[in-house]
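Engineer: this one's structure only:
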């Protein structure tokens, strides 16, 4: 594989952004037919499809940047666990609806700031993808915020479970705002954004909703990290096995 | 004259026993405005725990192919419906003069 020195960082950056969306979309698809009501099934599936759609656009652009004739499917189905660079948060399994909402809410609040910043990218293609994703993220956050408030400020049991769910996901949020060399290079070139600059706005959004939901921000000092460099939790392998099984068993299979 | 408001089993908004699961979420009627200048019209119904959730569910169930630009939701229990169509509507069936079908349309107008 030969990638020019200029294209390589951009390729890596696009794949990183895409991986978050692909893995989260796959996670959400697991919940289809398991939501409390069929209406929420539709909502979760819809959000999952939005993420997979964004991943498709980003992979497709990444494939063009690479210029090796790969497609978005090659990125999705023919890379191993260590080659995935998604954040640990999106690969976390959810035990029940509360954890699904907590994971999604914390991530939506991050993506809102991310897409807002990337919609001003000097890379027009990326800016276009971000502008479209920003509209979707606004809706996702509206949906998940209303659930955090509804459950947090609901019954004693729903309050307790929502607080536990936020607590379970909290340790995976710090990684979203870590910057590595690639982030800094992309930010310097005006293509990407330094994730550390998104943290303040994210905290404000999260604090506001948690307060409305009568929940408190967890004070868990431990923050896990490693997804961006391919060091994942034990959960990603299982997710990929399910997602990639078909293409690996029947290579090139089409619907 | 008295009307009976039908009870919809399993869809009460409040559960006196405290067992929410037994009853599920209340039912809402969804009205979608298709485009500017047209009225909201009934699109269907759905379940949701409250009005905000009902609007969000309506978006996914009834506007996902860009059918609308505005959504109203109304608790189904707030709908007060006509019944007895014989007394209500049949008397109008033999009043053709209420339809504007007796005018001579000038030729210049063409097809209307």
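Structural biologist: It's in. All values derive from a computational prediction rather than experimental measurement. Numbering: from 1, shown residues only, chains lettered A, B, ... in the order given.

Engineer: look up how far chain B lies from residue A:116.
Structural biologist: From residue A:116 across to chain B, the span is 22 Å (Cβ to the nearest Cβ, to the nearest Å). C-beta: built from backbone N, CA, C; applies to glycine.

Engineer: need the pLDDT of that residue.
Structural biologist: What the model reports as pLDDT for residue A:116 is 98.

Engineer: what's the local residue count around it?
Structural biologist: Residues near residue A:116, counting by other Cβ atoms under 10 Å in any protein chain shown, number 18.

Engineer: pretty sure it is in a helix, no?
Structural biologist: Yes. According to DSSP: H, G, I helix; E, B strand; the rest coil, residue A:116 belongs to a helix.

Engineer: now it: how far from residue A:14?
Structural biologist: 18 Å (Cβ to Cβ, to the nearest Å).

Engineer: and for residue A:138?
Structural biologist: For residue A:138 relative to residue A:14 (Cβ to Cβ), the value is 22 Å.

Engineer: now the lengthiest helix in chain B: how far from the chain's centre is it?
Structural biologist: The residue-count maximum for a helix in chain B (DSSP state H) belongs to helix B:51-62. Remark: helix B:51-62 is offset 15 Å from the chain centroid, using Cα atoms, centre = their mean, to the nearest Å.

Engineer: which parts of that helix are buried?
Structural biologist: For helix B:51-62, a neighbour-count test (16 or more other Cβ atoms under 10 Å in any protein chain shown) marks B:52, B:53, B:54, B:55, B:56, B:57, B:58, B:59, B:60, B:61, B:62 as buried.

Engineer: sorry, back to before: which one of residue A:138 and residue A:14 is surrounded by more residues?
Structural biologist: The neighbour comparison of residue A:138 against residue A:14 (other Cβ under 10 Å) goes to residue A:14, with 28 against 15.

Engineer: does chain B sit close to the helix or strand where the more buried one lies?
Structural biologist: Here residue A:14, judged by DSSP states H and E, is contained in helix A:7-29. No. Counting by Cβ under 8 Å from any Cβ of the partner chain, no contacts exist between helix A:7-29 and chain B, the nearest distance being 13.2 Å.

Engineer: what's the first helix or strand after the one helix or strand residue A:43 maps to?
Structural biologist: Using DSSP H and E, residue A:43 sits in helix A:38-66. Helices and strands here follow DSSP H and E; after helix A:38-66, the next one along the chain is helix A:72-77.

Engineer: now for whichever helix or strand comes after that following helix, which elements pack on it?
Structural biologist: Under the assignment DSSP H and E, the closest C-terminal helix or strand after helix A:72-77 is helix A:88-91. Secondary-structure packing of helix A:88-91 (3 or more Cβ pairs under 8 Å, 6 or more residues apart in numbering or on different chains; DSSP states H and E): helix A:7-29, helix A:97-118, helix A:235-249.

Engineer: ok, which residues in chain B are in contact with chain A?
Structural biologist: Checking chain B against chain A by Cβ under 8 Å from any Cβ, the hits are B:24-25, B:46-50, B:52-53, B:56-57, B:59-61, B:64.

Engineer: of those residues, closest to residue B:37?
Structural biologist: residue B:59 (21.1 Å; Cβ to Cβ).

Engineer: residue A:49 versus the closest residue to the closest one other than its chain neighbours, what's the distance?
Structural biologist: Nearest residue to residue B:59, sequence neighbours excluded (Cβ to Cβ, 6 or more residues apart in numbering or on different chains): residue B:71, at 6.6 Å. The gap separating residue B:71 from residue A:49 is 20 Å, by Cβ to Cβ.
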